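**Q** Predicted structure and sequence below. I'll ask about it afterward.
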Amino acid sequence: MHDIALDTDRYVETVAPLASDPAIEEAAHNRMVQAVDVRVDGKAVTAELAAWLQSQGLPPRAAEAVRGLAPQLDAAVTGAADKVATRFVESDRFEKVWTAANRGAHTAVVHALTGEGRGAVGVEEGTVTLDVGAAVDRVKQELVDAGVTPAEKIPDVDKQMVLFQSDKLERMQGAVHALDVVGTWMPVLTVFIGAAGVFLAYRRRRALAKTALGAAFACLIVAIGLVVARRYYLDHLPPQVQSEAAAAAIFDQLLHFLRITLRTVVVLGVIVALGAYLVGPGGGARSVRATSERTADSAARWAETHGIHTGRVGTWTADYRRWLTIGVLLLLALLFALWNHPTVLTVLLLVLILLAALALIALVAATGRRTQAARPSAPAGPAVGR
């Protein structure tokens, strides 16, 4: 919610795909055709035309025939509007107009609610104004360039147009500020509290697994809540909404990144809980660890028979294997924390990197153990006589 409401780039990135959504294209097409129908009244046009022709000497019967062309005129206008609107919504121009309109509108809203950034919209003590100065100056200059010299004498006027005044605007700005603070710090606070709980727990491994599964379950509940909210939203659309499919597309797209985050946390929670189990004393966990160690030892024996040795690197890895493993885990956790909007693919990629790193450490450590075992023991010193 924080990113969609206050980050214009993120918002535009979210809604941009809607320009190519079939439901949105159809809704925009229908709205444009209806706008043309409202502004072109075939009956009125043919009546005016017939009256003018009759004043020019057209016989009354012919004028009546002209009036009868109103349905054909309406059909022709609608058909032409339909073709033009179809070509427009299916072209790249519609996507550009859609993106530019959403960016401009969102920038203006953010500026009004936060006071940050620069733009034509100004906010002061509950009054929202629109600066039309640039537009007025441009029109004045174009009139002068067109030869309308009196336009040079157009006086400077108040170029601030009041859009609306509301005593609730300050309250809305306070809510937006709170959203900004919460959206920035709540994730950090949540991770800190979870980590502190695990660190202070009597059984840290079990606490880590429960925390991870708890986070996954919470996100699953939120995902179910979104499904219910979507159904409620579609069942309570206002009457002026003409396309339920378009409304559903907008709802789904606005929540697209939230759904990605929920799925990411669910997968991450399950993987962390599984990792906490695999390092525990359970029979299944011991079996998995023993199998991996036997596999590493077999690979080390094969390497030794083929003259592949790791030397001091292998022995050092065997001695500090635990700390190397912890270092890899912390490095990947930091990488995940710094990743901008991670997804399920991000989690799976980091897990694959972790598994590859652990396998490499296990293999090098296995070769180091064989090197240590192959070293001859130090000879005993000479016996000391009585």
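**A** Looks like it arrived, so ask away. Numbering: from 1, shown residues only.
**Q** For His306, what are phi and psi?
**A** phi -100, psi 10 (degrees, to the nearest 10).
**Q** Can you give me the neighbour number for it?
**A** Residues lying near His306 (other Cβ atoms under 10 Å) number 8. (C-beta placed from N, C-alpha, C; glycine too.)
**Q** so which strand or helix has the one residue sitting closest to the centre of the chain?
**A** Taking Cα atoms, centre = their mean, the centroid of the chain lies closest to Phe257, which sits 3.8 Å from it. In the assignment (DSSP states H and E), Phe257 maps to helix 256-278.
**Q** and that helix, what does it pack onto?
**A** Applying 3 or more Cβ pairs under 8 Å, 6 or more residues apart in numbering; DSSP states H and E, one finds that helix 256-278 contacts helix 8-15, helix 204-235, helix 283-305, helix 344-374.
**Q** Out of the ones you listed, flag the one nearest Leu179.
**A** helix 8-15 (13.9 Å; Cβ to Cβ).
**Q** The closest one to helix 256-278, inter-axis angle?
**A** Orientation check (axes from the mean of the first three to the mean of the last three Cα atoms, to 10 degrees): helix 8-15 against helix 256-278 gives 90 degrees.
**Q** What average pLDDT does helix 8-15 get?
**A** For helix 8-15, the mean per-residue pLDDT is 86.
**Q** ok, and what's touching it?
**A** Residues outside helix 8-15 that contact it (Cβ atoms under 8 Å, 6 or more residues apart in numbering): 3-5, 98-99, 102-103, 106-107, 110, 250, 253-254, 256-257.
**Q** swap the cut-off to 7 Å and go again
**A** Applying Cβ atoms under 7 Å, 6 or more residues apart in numbering, the external contacts of helix 8-15 come out as Asp3, Ile4, Thr99, Asn102, Arg103, His106, Thr107, Val110, Gln253, Leu254, His256, Phe257.
**Q** Off-centre distance for that helix?
**A** 7 Å (Cα atoms, centre = their mean, to the nearest Å).
**Q** hmm, back to that, out of the contacts of helix 8-15, which comes closest to Phe217?
**A** For the contacts of helix 8-15, the nearest to Phe217 is Phe257 (21.0 Å; Cβ to Cβ).
**Q** circling back: need the contact list for the residue nearest to the centre of the chain.
**A** Shown in contact with Phe257 (Cβ under 7 Å, 6+ apart): Asp3, Thr14, His341.
**Q** Write a ChimeraX command that selects only the buried members of the residues you listed.
**A** Those of the contacts of Phe257 that count as buried under 16 or more other Cβ atoms under 10 Å are selected in ChimeraX with:
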select :3,14
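**Q** now the contacts of Phe257 as a markdown table including distance to Phe217?
**A** Formatted as a markdown table, the contacts of Phe257 follow (distance: Cβ to Cβ, whole Å):
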| residue | distance to Phe217 |
| --- | --- |
| Asp3 | 24 |
| Thr14 | 27 |
| His341 | 22 |
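**Q** Just the buried residues of the helix holding Phe257, please?
**A** 257-258, 260-269, 271-273, 275-277.
**Q** so Gly280, which of the three states?
**A** coil (DSSP: H, G, I helix; E, B strand; the rest coil).
**Q** when you give positions from now on, start the count at 40
**A** Got it, first residue is 40 now, which makes that one Gly319.
**Q** How about it, nearest residue that isn't a chain neighbour?
**A** Nearest non-adjacent residue to Gly319, counting by Cβ to Cβ, 6 or more residues apart in numbering: Arg244, 5.4 Å away.
**Q** And the one you found, how far from Pro320?
**A** Arg244 sits 9 Å away from Pro320, going by Cβ to Cβ, to the nearest Å.
**Q** residues near Tyr256, how many?
**A** Heads up, residue 256 is Phe, not Tyr. 12.
**Q** for stretch 231-242, the distance to its chain's centre please.
**A** 31 Å.
**Q** How about stretch 135-142?
**A** 17 Å.
**Q** and for that stretch, what are the contacting residues?
**A** Thr47, Val51, Val54, Ala55, Ala58.
**Q** what does stretch 263-280 give?
**A** Contacts for stretch 263-280 (Cβ under 7 Å, 6+ apart): Glu283, Ala286, Ala287, Phe290, Leu294.
**Q** what does stretch 334-351 give?
**A** Residues outside stretch 334-351 that contact it (Cβ under 7 Å, 6+ apart): Ala401, Leu402, Val403, Ala405, Thr406, Gly407, Arg409, Thr410.
**Q** for Glu65, what are its contacts?
**A** Per Cβ under 7 Å, 6+ apart, neighbours of Glu65: Ser282.
**Q** name the element it belongs to?
**A** Glu65 belongs to helix 61-78, assigned by DSSP H and E.
**Q** what bits of the chain have low per-residue confidence?
**A** Scanning the chain for pLDDT under 70 picks out the ranges 72-120, 154-183, 185-206, 413-425.
**Q** Please repeat the previous calculation with a cut-off of 50.
**A** Residue ranges of the chain with pLDDT under 50: 417, 419, 422-425.
**Q** residues contacting Thr250?
**A** Gly233, Gly236, Val237.
**Q** Show me which of those residues is closest to Asn69.
**A** For the contacts of Thr250, the nearest to Asn69 is Gly233 (49.2 Å; Cβ to Cβ).
**Q** Many thanks, we can stop here.
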